[in-house]
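1. Sequence first, then the predicted structure:
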Amino acid sequence: GAGVSQTPSNKVTEKGKYVELRCDPISGHTALYWYRQSLGQGPEFLIYFQGTGAADDSGLPNDRFFAVRPEGSVSTLKIQRTERGDSAVYLCASSQGTTDNSPLHFGNGTRLTVT
Amino acid sequence: KNEVEQSPQNLTAQEGEFITINCSYSVGISALHWLQQHPGGGIVSLFMLSSGKKKHGRLIATINIQEKHSSLHITASHPRDSAVYICAVRSRGGADGLTFGKGTHLIIQP
């Protein structure tokens, strides 16, 4: 497909488990963003990749969260020792340039529920 | 940290009405994005602007940099316009990640 793809669409896990969320951006988009959206709130920035490197990870809430983009395309957001407060929709977006000059293309998100 | 405020939080209107959604922010920006989010669906980018005004179909977005304020207008509103509209900004000189408002939940009744 031509859009940003996120898998799985839904993930239910038990407290303390490890989860991986995948994002497949639009082909050729060098910028990739992870956001988290809680119910009734706007999205919250987590991390931004330009190519393979994390250009800004200041939004990651703590060291249980980690993300990689080893080949500059697909990205994986990893959450260790999940907590109930991690439950949210995790959104991925990609763009050709930066948010100064390029629109963002969002995936449909992964709804994570930690029980 | 940029504070992004949207108003109103909720808006219900009749089909055909002219709709205005407002966004204000606290710190100078390099770009402002208007986004649309349907229930259970992904987010679609409507506009990206740094000055002036942009129009796409029945949607118009304006920004006043001096007043740190932007508006999104919908003319001849239709029930399919029902969605959450989100304003997001990139702070000038800041990191590339956007700061989002909480969104305006719009319902257009037939």
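-> Thanks, I have it.

2. Which residues of chain B lie near chain A?
-> Residues of chain B that fall close to chain A, judged by CB under 8 Å from any CB of the partner chain: B:4, B:30-31, B:33, B:35, B:41-45, B:48, B:50, B:86, B:88, B:90, B:95-103. All C-beta atoms are positioned from the backbone trio N, CA, C, and that covers glycine.

3. Now list the buried members of the residues you listed.
-> Buried members of the residues of chain B next to chain A, scored by 16 or more other CB atoms under 10 Å in any protein chain shown, are B:4, B:30-31, B:33, B:35, B:42-43, B:45, B:48, B:86, B:88, B:90, B:95-103.

4. Among these, name the ones in strands.
-> Residues of those located in strands (DSSP state E): B:4, B:30-31, B:33, B:35, B:43, B:45, B:48, B:86, B:88, B:90, B:99-100.

5. could you dump those residues to TSV with pLDDT and distance to B:S71?
-> Shown next, in TSV, are those (pLDDT from 0 to 100; distance: CB to CB, whole Å):
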residue	pLDDT	distance to B:S71
B:V4	94	14
B:S30	89	19
B:A31	91	16
B:H33	94	14
B:L35	96	15
B:I43	91	20
B:S45	93	17
B:M48	92	15
B:I86	96	14
B:A88	93	15
B:R90	87	18
B:T99	89	18
B:F100	92	17
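
6. Kindly present these as CSV, with separate columns for distance to A:D100.
-> Putting these into CSV (distance: CB to CB, whole Å) gives the following:
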residue, distance to A:D100
B:V4, 17
B:S30, 5
B:A31, 5
B:H33, 10
B:L35, 16
B:I43, 19
B:S45, 14
B:M48, 9
B:I86, 18
B:A88, 13
B:R90, 6
B:T99, 14
B:F100, 16
